[in-house]
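K.L.:
Make a model of this:
(2 chains)
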Amino acid sequence: MKSFIAYWNILLKDMKNYYLKPPNISWGIIFPFAWMLMMFVKTKSAFNIMDVFPGIVAMSILFGTTSMLAVTITFERKSRSFERLLLAPISIELLVFAKISGAILFGIFNSLIPVLISVFYFKVVVENYLALCLGIIFLSFVATLLGLYISVAAKEVFEAQTYSNFFRFPMIFLCGLFIPISSIPLIIRPLSYILPITYGVDILRFSIGESHILAFGFNLLLLLFFCSFLFFLSITNIKRKWIV
Amino acid sequence: MESIIKAINLKKSYGDFTAVDNINFEVRKGEIFGFLGPNGAGKTTTINMLIGMANITSGKIIYNNENVTLNIKKVQNMIGVVADESNLYAEMNGFDNLCFCGSLYGMKKAYREKRAKELLRIFQLSEFKNRKFQAYSKGMKRKLTIAAALIHKPEILFLDEPTTGIDVASVRQIRDLIKKLNKSGTTIFLTTHYIEEAERLCDRIAFIKKGKIIKLDTVSNLSASVEKDNVVEIVFETNFDNIVLLKNLQYKFHKVVIEIKDNKIIKIISKEKINIVPFINFLANENLHIIEAKLIKPSLEDAFISMTGIDLGLMKKEKERR
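P.N.:
All right, here's what the predicted structure looks like:
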């Protein structure tokens, strides 16, 4: 019960202090909307929503979660308020989970805009809603954990944002967001398979009946593995770097 | 007195550099224990090891007779920590900051709100409870940070430089609060570079230099351990002709050293005990009106300087520059 009170209040505090602030809510709406608009303008009549839907959803999640974690983790670490959390009688695992919960929810919220626009305006037919929901949830988890890994490594917020871009932009091209993995040169294709976003996008493709690489269940398993790996890697880094 | 914390051969190294070098000490239940030393002496590193913010290289940490070296989390419920910087949440108001800190210890909403109000009253911050932390003055920030560390009623309070860089009124208030807290049963572990603060507040003090404890004792024992000349200071009501008086005094009392300060104070220095009566009689015959005569005892500052060889003024400046 005590741990739950701590968990809930860390999440609540982050929601109030960061995620529910008007600039961040507008980021969550404008950013995915801008991506959709850009695609629409760029492709004009040749715009095929089925091709870009998984990519836009994944990007909205990826950019939203990683950007926010740079603030909630790196900024608090810099201002030393994170020490307060480390001194609380709760496990570091629970504390970190509480800190990333807000970002996961923010990632899910970010994905709602392209999903709603695609379904209600562009009439995208979702064939498997469970797969779509799980795909969004797992993508939010894995993108958040990527952001966590980066944020723990950075000392300053701008550093975290810069490091994030090293990961985020190559992912746009490598994870099958807009370019099918089969079209990526063979020599760099292995990179696509070591990036977790690839499997999240594959689930989203599956959910709307588009061609996909792996089976839905196997994608989920791989994402679960990536989530656990990144979570424990980040915990190890916090213990190694912050409790020196 | 029962010990609440024991550090046994505590060591912390960063590569080749040893920040804390096999130190041993115990903190007794109900006392104010002070750590005094210059920058880089190992004070904060020691605190960090004791509170679980730094891994130890070797040694043991014992809380209430239980070895918690590898699991400090176990005792984090019984400790409150005030870092050397006020590290609450800038965007949150005073009341919410305290309530949030209470929630980290699993305190239920009604209880933590009640406790937050109580602490705001004790720290005289009730009227600022809705003000954002970032809008607080430095002194108010410090007080709220201490209040936050007390939200869960810890048995031990760690205070790292609690009064550095704040106004005089807040310093006095914080020192009074520390005393009151201690009287109510809280054990306090304090680091400070203000020697008068250590002298006024601490029951026992450890002098630390280059990661080693040079001396640990009560304030009175530390001061008494200094080998120093006996000094008597006599203060006069009005100024006097210092050259003539000095000559007369030196002629009459040639076994002691006599110094005159500001034409109003005479300092008598001797290796042996000073009998003050002949001096008073002599000065009375010279028609000088004495308003005070006192024996100057060695201070904690004298003890610190003689044992560590550190220039206190320099140490203070260094700290304040930070």
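
K.L.:
Please name the bridge partners of B:N67.
P.N.:
Counting by DSSP bridges, B:N67 forms beta bridges with B:I62.

K.L.:
For B:L10, see how far away it is.
P.N.:
Distance from B:N67 to B:L10, counting by Cβ to Cβ, to the nearest Å: 13 Å. For the C-beta atoms, the positions are set from N, CA and C on the backbone; glycine is no exception.

K.L.:
which residues do these two both contact?
P.N.:
Counting by Cβ atoms under 8 Å, 6 or more residues apart in numbering or on different chains, the contacts common to B:N67 and B:L10 are B:K60, B:I61.

K.L.:
between the two, which one's more packed in?
P.N.:
Neighbours per residue, other Cβ atoms under 10 Å in any protein chain shown: of B:N67 and B:L10, the larger number sits with B:L10, 26 against 12.

K.L.:
Now name the helix or strand holding that one.
P.N.:
strand B:3-14 (DSSP states H and E).

K.L.:
Helices of chain B, residue ranges please.
P.N.:
Per DSSP state H, chain B carries helices over the ranges B:43-51, B:94-104, B:109-122, B:138-150, B:168-183, B:195-201, B:219-224, B:242-252, B:277-285, B:300-308, B:312-321.

K.L.:
and what of chain A?
P.N.:
For chain A, helices defined by DSSP H occupy the ranges A:2-14, A:22-43, A:49-69, A:76-78, A:81-86, A:92-120, A:129-153, A:157-174, A:189-194, A:197-207, A:216-242.

K.L.:
can you redo those as CSV with mean pLDDT?
P.N.:
What follows is the helices of chain A, written out as CSV (pLDDT from 0 to 100):
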stretch, mean pLDDT
helix A:2-14, 93
helix A:22-43, 76
helix A:49-69, 86
helix A:76-78, 86
helix A:81-86, 90
helix A:92-120, 91
helix A:129-153, 93
helix A:157-174, 84
helix A:189-194, 89
helix A:197-207, 92
helix A:216-242, 92
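
K.L.:
Between these, which one is closest to B:D262.
P.N.:
helix A:81-86 (49.2 Å; Cβ to Cβ).

K.L.:
Now do the buried residues in stretch A:104-118.
P.N.:
Residues A:104-111, A:113-115, A:117-118 are the ones in stretch A:104-118 that count as buried (16 or more other Cβ atoms under 10 Å in any protein chain shown).

K.L.:
wait, stretch A:145-165
P.N.:
By neighbour count on 16+ other Cβ under 10 Å, the buried set for stretch A:145-165 is A:145-152, A:154, A:157, A:159-161, A:163-164.

K.L.:
ok, now which ones touch the residue of the stretch 51-200 of chain B found nearest chain A?
P.N.:
Closest approach between the stretch 51-200 of chain B and chain A, counting by Cβ to the nearest Cβ: B:G106, at 2.5 Å. For B:G106, the contact set (Cβ under 8 Å, 6+ apart) comprises A:M1, A:K2, A:S3, A:I5, A:A6, A:P89.

K.L.:
ok, which of those also contact chain B?
P.N.:
Among the contacts of B:G106, the residues that sit close to chain B (Cβ under 8 Å from any Cβ of the partner chain) are A:M1, A:K2, A:S3, A:I5, A:A6, A:P89.

K.L.:
Closest to chain B out of those residues?
P.N.:
Top of the list for closeness to chain B, among those and by Cβ to the nearest Cβ, is A:K2 at 2.5 Å.

K.L.:
Find the nearest non-adjacent residue to the closest one, please.
P.N.:
Using Cβ to Cβ, 6 or more residues apart in numbering or on different chains and skipping residues adjacent in sequence, the residue nearest A:K2 is B:G106, 2.5 Å away.

K.L.:
so how far is A:L145 from that neighbour?
P.N.:
Applying Cβ to Cβ to B:G106 and A:L145 gives a distance of 26 Å.

K.L.:
and if you look at B:K109?
P.N.:
B:K109 is 31 Å from A:L145, by Cβ to Cβ.

K.L.:
do the same with B:D262
P.N.:
Going from B:D262 to A:L145 by Cβ to Cβ gives 70 Å.

K.L.:
Name all residues that make contact with B:F123.
P.N.:
Taking Cβ under 8 Å, 6+ apart as the test, what B:F123 contacts is B:K143, B:L144, B:I146, B:A147, B:L177.

K.L.:
count of neighbours near the first one?
P.N.:
Pointing back at B:K143 there. So B:K143, with other Cβ under 10 Å, has 27 neighbours.

K.L.:
can you pull the contacts of it?
P.N.:
B:F123, B:Q124, B:L125, B:S170, B:Q173, B:I174, B:L177.

K.L.:
can you tell me how far it sits from B:E127?
P.N.:
13 Å.

K.L.:
ditto for the third one
P.N.:
The gap separating B:I146 from B:E127 is 18 Å, by Cβ to Cβ.

K.L.:
which of these two has more neighbours?
P.N.:
Legend: neighbour count by other Cβ under 10 Å for B:I146 and B:E127, higher for B:I146 (22 against 9).

K.L.:
who's in contact with that one?
P.N.:
B:I146 touches B:V82, B:F123, B:L157, B:L159, B:P162, B:I174, B:L177, counting by Cβ under 8 Å, 6+ apart.

K.L.:
Output those residues in JSON lines, with pLDDT appended to each entry.
P.N.:
Shown next, in JSON lines, are these (pLDDT from 0 to 100):
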{"residue": "B:V82", "pLDDT": "93"}
{"residue": "B:F123", "pLDDT": "91"}
{"residue": "B:L157", "pLDDT": "96"}
{"residue": "B:L159", "pLDDT": "94"}
{"residue": "B:P162", "pLDDT": "89"}
{"residue": "B:I174", "pLDDT": "91"}
{"residue": "B:L177", "pLDDT": "92"}
